[in-house]
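Novice: structural data only, the sequence is not supplied:
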């Protein structure tokens, strides 16, 4: 099977984007944006603390734009990738956006305390979750990711494959 188009997966931190990436990466050309960035800068948490979110959002955009010349592919965005205006506009022009919607209660139950500590923006989680919904809901597709990963993966495949 091959991809119909370029697709980007967006969703809140802890929604399961990386888990989905791990499930599908051997079946299609797929990238995890945070993993690509971590190869370049090391710890995202440390980068946020030392350099700041605005600089990180610029790195996100630059990394994403490097994939421009590739044949149809799937990119799993970071939870806040759509916060960067350039990145958000770039995604709208070059990708069909899929929102992996997961309730905040489910996300909290999936993350352990270390995961929450390692995520620099997890402090005001309810406020952040609510503020990001508007951008997420502008997606071309929405997948309910509250259930088992196999169900979510099946829903994803229905959208992305010809």
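Specialist: Okay, I see it. If you're wondering where the values come from, they're calculated on a predicted model, not measured in any experiment. Numbers count the residues shown, from 1 in each chain.
Novice: next up, the contacts around the residue most central in space within the chain.
Specialist: The chain has residue 77 as the residue nearest its centroid, 2.6 Å off, counting by CA atoms, centre = their mean. Shown here is residue 77, whose contacts under the criterion CB atoms under 8 Å, 6 or more residues apart in numbering are 8-11, 17, 33, 91. For the C-beta atoms, the positions are set from N, CA and C on the backbone; glycine is no exception.
Novice: for residue 96, which non-adjacent residue is closest in space?
Specialist: Nearest residue to residue 96 in three dimensions, chain neighbours excluded: residue 140, at 4.6 Å (CB to CB, 6 or more residues apart in numbering).
Novice: let me know the pLDDT of the spatially closest residue to residue 30 that is not a sequence neighbour.
Specialist: Spatially, and ignoring its direct neighbours in sequence, residue 30 is nearest to residue 74 (4.2 Å; CB to CB, 6+ apart). pLDDT for residue 74: 97.
Novice: ok, residue 100 next?
Specialist: 98.
Novice: check residue 123 too.
Specialist: On the pLDDT scale, residue 123 gets 64.
Novice: and residue 126, by the same measure?
Specialist: Value listed for residue 126 in the pLDDT field: 83.
Novice: and it, how far from residue 46?
Specialist: Per CB to CB, to the nearest Å, residue 126 is found 25 Å from residue 46.
Novice: and residue 52, by the same measure?
Specialist: 12 Å.
Novice: average pLDDT for the helix or strand harbouring residue 48?
Specialist: For residue 48, the host element (DSSP states H and E) is helix 44-50. Per-region confidence: helix 44-50 scores 89 on mean pLDDT.
Novice: that one: which residues count as buried?
Specialist: Across helix 44-50, burial judged by 16 or more other CB atoms under 10 Å covers 44, 47.
Novice: which neighbouring elements make contact with that helix?
Specialist: Where contact means 3 or more CB pairs under 8 Å, 6 or more residues apart in numbering; DSSP states H and E, helix 44-50 is packed against helix 33-41, helix 53-65.
Novice: so where's the protein shaky on pLDDT?
Specialist: Flagging of the chain using pLDDT under 70 yields the residue ranges 112-123, 162.
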